[in-house]
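Student: can you look at this prediction? I've put the sequence above it.
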Amino acid sequence: MARKHDLFLVRIRLRDSFDYRPCIILHSSAQTSSVVLLSSALGLRRDVYDFLISSDDPDFAKTGLKKSSYALGYQIHEMNNGELKHKLGSLEGELAERFDKWLD
């Protein structure tokens, strides 16, 4: 079962793309999970709203991401747990603490 801070791949429409993309689990129940989507298009990142996951962060390797990305702060999605296709890793340590503070 998915847990808070886990990163998964999900197939979901974002702008014109319907590709698989990473997401972070915010909350999970037996049937569904609340997630925030990630993007690696850093040129589109909005400092005020989005949470940066930098490849320079000491906890970056544990995320399973391949390059710096950011959490899209403008919407939370409800997904059926069956749509969570592949676990990449998880937010851990100070990175997870900063993410939780960003959510508040």
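Tutor: Yep, that arrived.
Student: low-scoring stretches of this protein, by residue?
Tutor: Scanning the chain for pLDDT under 70 picks out 14-15, 17-18.
Student: again, 90 this time
Tutor: Low-confidence segments of the chain (pLDDT under 90): 1, 11-20, 43-44, 47-48, 73-75, 85, 104.
Student: so what's the residue of it most remote from its centre up against?
Tutor: The C-alpha centroid of the chain is most remote from residue 30, which lies 19.5 Å away (Cα atoms, centre = their mean). Counting by Cβ atoms under 8 Å, 6 or more residues apart in numbering, residue 30 touches 1, 81. From N, CA and C alone the C-beta is placed, and that goes for glycine too.
Student: kindly report the same for residue 28.
Tutor: Residue 28 is in contact with 1, 2, 3, 4, 34, 81, counting by Cβ under 8 Å, 6+ apart.
Student: what's the neighbour count on residue 4?
Tutor: Residue 4 has 16 neighbours, counted by other Cβ atoms under 10 Å.
Student: please name the nearest non-neighbouring residue to it.
Tutor: Once flanking residues are discounted, residue 4 sits nearest to residue 25: 5.7 Å by Cβ to Cβ, 6 or more residues apart in numbering.
Student: which element, helix or strand, includes the one you found?
Tutor: strand 20-28 (DSSP states H and E).
Student: one more: residue 101?
Tutor: Assigned by DSSP H and E, residue 101 falls in helix 93-103.
Student: only the buried residues of that helix, if you could.
Tutor: Across helix 93-103, burial judged by 16 or more other Cβ atoms under 10 Å covers 95, 96, 98, 99.
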